[in-house]
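Participant: return a 3D structure for these sequence lines:
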Amino acid sequence: QIQLVASGGGLVQAGGSLRLSCAASGRTISIVNMGWFRQAPGKEREIVGSITWSGGSTYYGDSVRGRFTISRDNAKNTVDLQMNSLKPEDTAVYYCAAGWLTGLDYRTRGAYTFWGQGTQVTVSS
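Facilitator: Numbering: from 1, shown residues only. As a prediction, this is how the structure comes out:
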């Protein structure tokens with residue numbers, strides 16, 4: 001099993017920045033990929049971005065590409081999400097997730113087995 005704890009959410013003005021962090025524990029040696037998702041009220045959970053645990057290859061959703069950056073620290077078992085140029089439409093609960101199976105499409109929610117508790121990000125206009 002893998003446990004995930006997300007932190008770093010908060011309230012920020014449009015144009016500002018926030019950094020989220022996700023700490024993984026448990027069988028972290030089994031992690032293949034980690035991702036960040038978000039869910040706004042009344043909307044489906046969507047992918048923000050993902051990163052492969054070994055090689056560090058990244059993927060970003062269209063709405064955040066160029067503004068958000070995912071990074072990982074294998075030694076500390078953490079994955080961070082640096083969010084710049086935030087917009088009111090970025091307001092959502094942000095979740096980190098981990099997957100341990102190979103051969104899956106980690107751009108999709110269903111590929112992830114383990115989820116953190118979520119952290120609220122609110123961007124005011």
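Participant: ok, and the closest non-adjacent residue to the residue nearest to the spatial centre of the chain?
Facilitator: The structure's the chain has its C-alpha centroid closest to Trp36; by CA atoms, centre = their mean the separation is 1.8 Å. In space, Trp36 comes closest to Val48 once its chain neighbours are excluded; the distance is 4.2 Å by CB to CB, 6 or more residues apart in numbering. Where you see a C-beta, it was placed from the backbone N, CA and C, and this is true even at glycine.
Participant: same check on Gln120?
Facilitator: Leaving aside its sequence neighbours, Gln120 sits nearest to Gly9 (CB to CB, 6+ apart; 4.8 Å).
Participant: just Leu86 next, same as before
Facilitator: Leaving aside its sequence neighbours, Leu86 sits nearest to Val123 (CB to CB, 6+ apart; 4.6 Å).
Participant: does the one you found sit in a helix, a strand or a coil?
Facilitator: When classified by DSSP: H, G, I helix; E, B strand; the rest coil, Val123 comes out as strand.
Participant: may I have the beta-bridge partners of it?
Facilitator: Assessed by DSSP bridges, Val123 has beta-bridge partners Val12.
Participant: how near is it to Leu101?
Facilitator: Going from Val123 to Leu101 by CB to CB, to the nearest Å gives 34 Å.
Participant: ok, the two, which is more surrounded?
Facilitator: Neighbours per residue, other CB atoms under 10 Å: of Val123 and Leu101, the larger number sits with Val123, 20 against 12.
Participant: the residue nearest to the centre of the chain belongs to a helix?
Facilitator: No - assigned with three-state DSSP, Trp36 falls outside any helix and is strand.
Participant: just the pLDDT for it.
Facilitator: On the pLDDT scale, Trp36 is placed at 98.
Participant: ok, it to Ser125 distance?
Facilitator: 23 Å.
Participant: equivalent analysis for Ile2, please.
Facilitator: The gap separating Ile2 from Ser125 is 37 Å, by CB to CB.
Participant: more neighbours: those two, which one.
Facilitator: Taking neighbours as other CB under 10 Å, Ile2 and Ser125 compare with Ile2 leading, 21 against 9.
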